[in-house]
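Q: below is the sequence, then the predicted model.
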Amino acid sequence: MKTNRRNFLRTTVVAGAGAFTAGAVSSCSRQKGTTEMMPEVRTAVLASHSQKFNMTGYSASPLAKVRIGFIGLGQRGPGAVERMTSIEGVEIAALCDKYTDRVDKMQAMIAGYGLPQAKSFSGTEETWKGLCDDPEIDLVYICTPWAWHTPMAVYAMEHGKHVAVEVPAAKTVEECWQLVETSERTKMHCMQLENCCYDFFELLTLNMARQGLFGEIIHGEGAYIHDLRWQYTYDKNGYADMWRLKENVRNGNLYPTHGLGPICQIMNINRGDKMDYMTSMSSNDFSMAADIAQLAKEDPFYQPFAGKKYRGNMNTSIVKTNGGRTIMIQHDVSSPRPYSRIHLVSGTKGVASKYPEPERIALGHSWLSPEEFKVLEEKYTPEIVKRVGEMAKEIGGHGGMDFIMDWRLIDCLRNGLPVDQDVYDAALWSVITPLSEWSVANRSASIDVPDFTCGSWSINKPVDPNLPNGGNTKVLGNKGSSNQLEIKQT
């Protein structure tokens, strides 16, 4: 096969079809299309791309004031705007949504905190470009439907803006490469807003792993198991134009990053180890198509969504790393199950598990008692939590992890520090979706995972939750006020 990796994986698979570009892989003949061609496929995945600049560890010029433009004020954008009013050195510079009433609502909110009005961009689907063109914006914060994430991020970086983009950062392998190549060329940060990396137990286990408590890490598990049937079906106004329901015609792990990101940090993926190959399998769809069909009988609104083939309830993907570790990632949003991201870390000396709650740690054959757990928690709580953890809980955002994430991003930009989650993480954690689609469509055949770092994973330094640099950005006592809470120094 003469094609290179970029051409072979230029677009995502057609859901259920297992086809990429012409001359590549077809699911019509599994034996010839997958088994015999997999060596060539792997060669193609790894063949091309030379790193123009290593964004891991890159320190951009410090910004005394971070002027932020927010795009997307529906589900997540409003919370992000409000959290940012509590962080020193932030200016809410611009607000953008195609729906004008959403922008007006946010303008009223920041005015209520005594802050000046931001620039408004609304009314059309292209108005976001005006925000990205504005020279008085340093950071573009993207909270839009998934299909817009990469186009907006790329455009913003091309126009000299750092980018913070909601999950997943990209939908296709080609989009992942666009993010990487644009960030390297422009030297603009592109941080995926993976808030679960900043949840309290995830940070605790990251620090424990750094200090060797679990020994050599062997295996990790992460997931997004969340019964969202009400959101995809009965809540007509939850997602504009029902865009999230429409995404579910793709059969794979559509939302891998919440469970995957923290495990990758613990395993030093992209920073000492790398993903090698993966395989993926989905169950049948036992509920979504049936739910939509029933709703369509009762309400004409749902008729355009009926009769379609939706993804299976549970997807399970398995990754093998270059260092011999394994990662399991699961996705299920249409089964009646308790919420879980699993977050299981298994090493040669111990294991940690977040779900089912309560959180547990074992350093042998039995789980520690609550009293023993508390002792370890106090010993290994990382510096980032000691400094802003309690304030984060008060300000909120998924229990505080959203605020810790935003605070750390601003702290890095103000101090000219590398971001904790760089563009290679954004690309790698997002690429699981299209690769899982391909594997599912080809009877769970394995496929190589692109190395977006182009080999620099072997020299990149791991993320340190103990804040060796920075950590001095203050938290405002009252949103938007000049009253500042002193950050706890330890």
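A: Ah, there it is.

Q: now Gln421, nearest residue through space, not along the chain?
A: Met191 (5.1 Å; CB to CB, 6 or more residues apart in numbering). Every residue, glycine included, has its C-beta placed from N, CA and C.

Q: next one: Leu417
A: Gly470 (4.9 Å).

Q: quick one: contacts for that neighbour?
A: Counting by CB atoms under 8 Å, 6 or more residues apart in numbering, Gly470 touches Asp411, Cys412, Arg414, Asn415, Leu417.

Q: so it: helix, strand or coil?
A: In terms of secondary structure, Gly470 is coil; the call rests on DSSP: H, G, I helix; E, B strand; the rest coil.

Q: OK, contacts around Ile266?
A: Shown in contact with Ile266 (CB under 8 Å, 6+ apart): Thr205, Leu206, Ala209, Ile217, Gly220, Val345.

Q: check contacts around the residue lying closest to Glu216 once chain neighbours are set aside.
A: Among residues not flanking Glu216 along the chain, Thr348 sits closest, at 4.6 Å (CB to CB, 6+ apart). Thr348 sits next to Phe214, Gly215, Glu216, Ile218 when contact means CB under 8 Å, 6+ apart.

Q: which parts of the stretch 251-400 of the chain are strands?
A: Assigned by DSSP state E, counting those that start in this stretch, the stretch 251-400 of the chain shows strands spanning 275-282, 315-321, 326-332, 344-347, 351-353, 360-362.

Q: hang on, the residue nearest to Gln421 packs against Asp406?
A: No - using CB atoms under 8 Å, Met191 is not in contact with Asp406, being 10.6 Å away.

Q: Arg185 contacts Val154, doesn't it?
A: No - the criterion here is CB under 8 Å, and Arg185 misses it with Val154 at 10.4 Å.

Q: who's more crowded, these two?
A: Between Arg185 and Val154, counting by other CB atoms under 10 Å, Val154 is the more crowded of the two (21 against 12).

Q: which non-adjacent residue is nearest the more buried one?
A: Thr182 (4.9 Å).

Q: tell me how many other residues crowd Met191.
A: Met191 has 26 neighbouring residues, counting by other CB under 10 Å.

Q: and it, that one's in a strand?
A: Yes - counting by three-state DSSP, Met191 is found in a strand.

Q: gap between the two ends of stretch 362-381?
A: Start-to-end span of stretch 362-381 (CA to CA, to the nearest Å) is 17 Å.

Q: what's the mean pLDDT across it?
A: Averaged over stretch 362-381, pLDDT sits at 97.

Q: quick one: residues in contact with stretch 78-92.
A: 63-68, 70, 73, 95, 102, 105-106, 109-110, 113, 115, 118, 141, 143, 395-397, 402-403, 406-407, 410, 414, 473-476, 479-480, 484.

Q: tell me the buried residues in it?
A: 78-92 (16 or more other CB atoms under 10 Å).

Q: in strands, which of these appear?
A: Val90, Glu91, Ile92 (DSSP state E).

Q: skipping adjacent residues, who's closest to the first one in space?
A: In space, and not counting its chain neighbours, Val90 is closest to Met84: 4.9 Å by CB to CB, 6+ apart.

Q: what's the distance between that neighbour and Leu139?
A: 10 Å (CB to CB, to the nearest Å).

Q: so what sits against both of those two?
A: Common neighbours of Met84 and Leu139 (CB under 8 Å, 6+ apart) are Ile68.

Q: what residues are up against His258?
A: Val167, Glu194, Asn195, Cys196, Gly222, Ala223, Tyr224, Arg341.

Q: got the contact list for the residue nearest to Arg341 when sequence neighbours are not counted?
A: Nearest residue to Arg341 in three dimensions, chain neighbours excluded: Gly259, at 4.8 Å (CB to CB, 6+ apart). Applying CB under 8 Å, 6+ apart, we find Gly259 in contact with Cys196, Glu221, Gly222, Ala223, Tyr224, Ile329, Gln330, Arg341, Ile342, His343.

Q: so what touches the helix or strand encompassing the fourth one?
A: In this case it means Ala223. Using DSSP states H and E, Ala223 falls within strand 217-225. With CB under 8 Å, 6+ apart as the test, strand 217-225 has contacts from 209, 255-256, 258-263, 266-267, 325-333, 335, 337-348.

Q: no further queries at this time; thank you.
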